[in-house]
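>>> this one's structure only:
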C-alpha cells in the first residue's frame, strides 16, 4: 500500500493518491489530471475510484476529466446530486481497492454531502481518515457555505457538524492518521495549522473543536464566531463541480493565445477584459501597464484572484514573466477562471520597447515611514482583521484587501495616505486596484508591517474604527 499526499501550497489544498495491489484511488484531485495519470502509469496501477469529499467551493476538482480519461468511478457520499454520472455511496459502505478498503463516513455539517473516507488495511486495522473539509489540523470546516442550498442556518449546520464529529470521528482510534483537504491559508476554515497531517489522538487534545468538555452549544458558538464572508467565486466553483466544465485542454488552448503589443492593446480597448499582471510584486511596482491589476504568482495567487475578481467568467488578458504563461493559465483554471483570452508576447519589456505608457507605485522604506509618522499621516492597513487586531500601527485604519472592492469609498480622495500589509505582496495588489480607480495620492511601505515592527513607530492592539 502507498499513500501519497499531493499538496498544492498556493491553494493550501491536499489531494491524495492511494494504491494497493494494482489498484488506486484519487481523493479530491486538482483540475489538471495529468500528474495522476502519470503516477498511475509509473506505479503500474489502475485508478478505480475518484473519491470526492464534497462539492468543493475553493477550487475546481479534476473529477470529471479524470473519470473520462481513466474510466474511474466518481464517488460522492449521501445527498450529492451532480449532473454527471457518479456513484452515490451510502453511509458505512465499503469500497474495495486492491488489498485495502475505504469505509464511507457521511459527516454533514460543512456541507450536506460532506463525507470522510476511512482507510482500513488488509488485516482490518483502521489506519487513516481522509477528512475533506470536515476536520482540519487544528480546526473544522466552516458551517456557513451551504446555508442557501441546505435551507438551514449556519448554527443548524454547525450543530450537525458537531454530531458528525462526535458520532463518526471522535470514536475512531487515536492512532488513525488524519489527512485533510486543506491547511493554513485556505478560506474553508479559520484556525488551520500549517501542518498538513496529524494523528487523531493529538487532534483530540489540541484541536479546540474536538475538546471533550465542549458542549454542542459552545461548539456552535465558537465555530460560527468571527466568520468572514466567503470569497465571491466560491458559489461559482461549487456550480462547476456539480455541473461539469470545459476540459482543461480547451481552457489551456484558449488562454495561451499569443498577442503582440498592438493586438494586446486592441483587446484591452475593445473588450471588458481585466489586464492581470502576475509578475513579482516588487517588479510590478516599478512599472506596469496603466489600469492593470497585480496578483503575483509568488503569493497565494489563485485565492486572491478569486477574492478580488468576483466573476469566474470575466475575460482576462495576461502579463507574465516570460515562460510563466502556461503556469498562470493553469493556476487560474484551478479556481474556475477559464476565460483568459491571451497573453502579451515579450511581457512588460515588449510594451516598454514599443514606447507605450507605463505607471508605477510610489514606495517608502520603514525608516522613511517612521519619519513621516511624526506628521500623523493617514495609515491604511490592508491585512486581515485578525492580523490587525493582534497588533498594528497606532491610529491605523483597517481595510482588509479581501473586501477592498466593497470599501473603495473609505479611501481618502484628496488627502495623502500610506498603505501597508504584512510584507508587501498584498499592499501592491491593493495599490494596483487603487491606481486603476484613479487614486494617486498614496505610497506603499516596503516590507510592510514586518519592517515597520522593527522601528520606533508606536503600535497597539486597540482596534480603531474604520475610516468613513
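Great, that's in hand. These numbers come from a predicted model, not from an experiment. Numbers count the residues shown, from 1 in each chain.

>>> which residues touch the helix or strand bottoming out on mean pLDDT in the chain?
When the helices and strands of the chain are compared on mean pLDDT, DSSP states H and E, helix 147-150 comes out lowest with a mean of 85. Residues outside helix 147-150 that contact it (C-beta atoms under 8 Å, 6 or more residues apart in numbering): 111, 112, 153, 154, 157. No exception for glycine: its C-beta is placed from N, CA and C like everyone else's.

>>> Which residue, other than its chain neighbours, is closest to residue 110?
residue 141 (3.1 Å; C-beta to C-beta, 6 or more residues apart in numbering).

>>> Correct me if wrong: residue 18 contacts residue 4.
Yes. The criterion here is C-beta atoms under 8 Å, and residue 18 meets it with residue 4 at 7.3 Å.

>>> out of these two, which sits in the more crowded spot?
residue 18 (26 against 14; other C-beta atoms under 10 Å).

>>> what's the spacing between the most centrally placed residue in the chain and residue 426?
Geometric centre of the chain, nearest residue: residue 303, 3.8 Å, by C-alpha atoms, centre = their mean. Residue 303 sits 12 Å away from residue 426, going by C-beta to C-beta, to the nearest Å.

>>> Repeat that for residue 233.
From residue 233 across to residue 426, the span is 18 Å (C-beta to C-beta).

>>> Now residue 458: closest residue in space that isn't a chain neighbour?
Residue 458 sits nearest to residue 394 (C-beta to C-beta, 6+ apart), 4.2 Å away.

>>> Revised request: answer the last question for residue 49.
Using C-beta to C-beta, 6+ apart, the nearest residue to residue 49 is residue 25, at 4.4 Å.

>>> Run the chain-centre distance for the one helix or strand residue 19 maps to.
Element membership for residue 19, per DSSP states H and E: strand 13-20. Centre-to-centre, strand 13-20 and its host chain are 19 Å apart (C-alpha atoms, centre = their mean, to the nearest Å).

>>> Tell me the helix or strand right after it.
strand 23-27.

>>> Now do that next one against strand 13-20: the angle between them, please.
Relative orientation of strand 23-27 and strand 13-20, computed by axes from the mean of the first three to the mean of the last three C-alpha atoms, to 10 degrees: 170 degrees.

>>> contact partners of strand 23-27?
The contact list for strand 23-27, computed with C-beta under 8 Å, 6+ apart, reads 15-19, 36, 39-40, 43, 45-53, 66, 72, 95, 97-98, 102, 117, 130.

>>> so how far is whatever helix or strand comes next after it off the chain centroid?
Going down the chain from strand 23-27, the next helix or strand is helix 34-43, by DSSP H and E. Put simply, helix 34-43 sits 25 Å off its chain's centre (C-alpha atoms, centre = their mean).

>>> and residue 353, what does it touch?
When contacts are counted by C-beta under 8 Å, 6+ apart, residue 353 is found next to residue 346.

>>> Offset the numbering so it begins at 598, please.
Got it, the first residue is 598 from now on, which makes the last one we talked about residue 950.

>>> for it, phi and psi?
phi -60, psi -20 (degrees, to the nearest 10).

>>> How much space separates it from residue 943?
Relative to residue 943, residue 950 is positioned 8 Å away (C-beta to C-beta).

>>> same check, this time on residue 751
To residue 943, residue 751 is 49 Å away according to C-beta to C-beta.

>>> Show the buried residues in the contacts of helix 744-747.
Buried members of those, counted by 16 or more other C-beta atoms under 10 Å: 708, 709, 751, 754.

>>> Before we move on, what's the pLDDT of the third one?
Each residue has a pLDDT score; the one for residue 751 is 95.

>>> With the second one instead?
As summarised for this prediction, residue 709 has a pLDDT of 97.

>>> Check residue 662 too.
Predicted confidence (pLDDT) for residue 662: 96.

>>> Surely the residue nearest to residue 707 touches residue 731?
Yes. Using C-beta under 8 Å, residue 738 makes contact with residue 731 at a distance of 5.6 Å.

>>> and for these two, which residues touch both?
706, 707, 711, 758.

>>> Double-check the third one against residue 653; I have them as touching.
No. Contact criterion C-beta under 8 Å: residue 711 and residue 653 do not qualify, at 10.7 Å.

>>> More neighbours: the two, which one.
Using other C-beta under 10 Å as the criterion, residue 711 and residue 653 rank with residue 711 on top: 30 against 25.

>>> quick one: contacts for the more buried one?
Residue 711 neighbours (C-beta under 8 Å, 6+ apart): 650, 651, 674, 703, 704, 705, 729, 730, 731, 738, 761.
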